[in-house]
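> Let me see the structure of the following:
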Amino acid sequence: MSTHEATIYRKTELVGTSSVGFDDAVRHAVARAQKTLRHVQWFEVKEQRGRIDGEAIEYQVTLEIGFALE
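Numbering: from 1, shown residues only. Predicted coordinates for the structure are as follows:
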């Protein structure tokens, strides 16, 4: 029997936004996740879209954030 314990991960979905661009929206979402989740290890972009508000554009990115459970 192995003494190595398996790591279990959980995923959560977030939507990051930015007025700068998609990369910035990803960075905002990851930074926010790291404030409340421990052991954040990866993300996957599921969707990119934008919202037009007059002359302004809001970039939106839906992410799955993966983190290891303790």
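> okay, now Ile65: neighbour count?
Number of residues near Ile65 (other CB atoms under 10 Å) recorded here: 21. (C-beta placed from N, C-alpha, C; glycine too.)
> Go ahead and confirm it touches His39.
No. At 10.8 Å, Ile65 does not count as touching His39 under the criterion of CB atoms under 8 Å.
> which other residues reach stretch 26-36?
If you take CB atoms under 8 Å, 6 or more residues apart in numbering as the criterion, stretch 26-36 is touched by 12, 14-18, 40, 43, 45, 61, 63, 65, 67.
> wait, what's in contact with Val61?
Counted by CB under 8 Å, 6+ apart, Val61 has contacts 15-17, 22, 25-26, 29, 45, 47-48.
> redo that, cut-off 6 Å
16, 22, 25-26, 45, 48 (CB atoms under 6 Å, 6 or more residues apart in numbering).
> Quick one: buried ones out of those?
16, 22, 25-26 (16 or more other CB atoms under 10 Å).
> Which of those fall in strands?
Gly16 (DSSP state E).
> Distance to Ala6 and pLDDT added to the buried ones among the contacts of Val61, as JSON lines?
Listed next are the buried ones among the contacts of Val61 as JSON lines, based on distance: CB to CB, whole Å; pLDDT from 0 to 100:
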{"residue": "Gly16", "distance to Ala6": "30", "pLDDT": "97"}
{"residue": "Phe22", "distance to Ala6": "34", "pLDDT": "98"}
{"residue": "Ala25", "distance to Ala6": "33", "pLDDT": "98"}
{"residue": "Val26", "distance to Ala6": "29", "pLDDT": "98"}
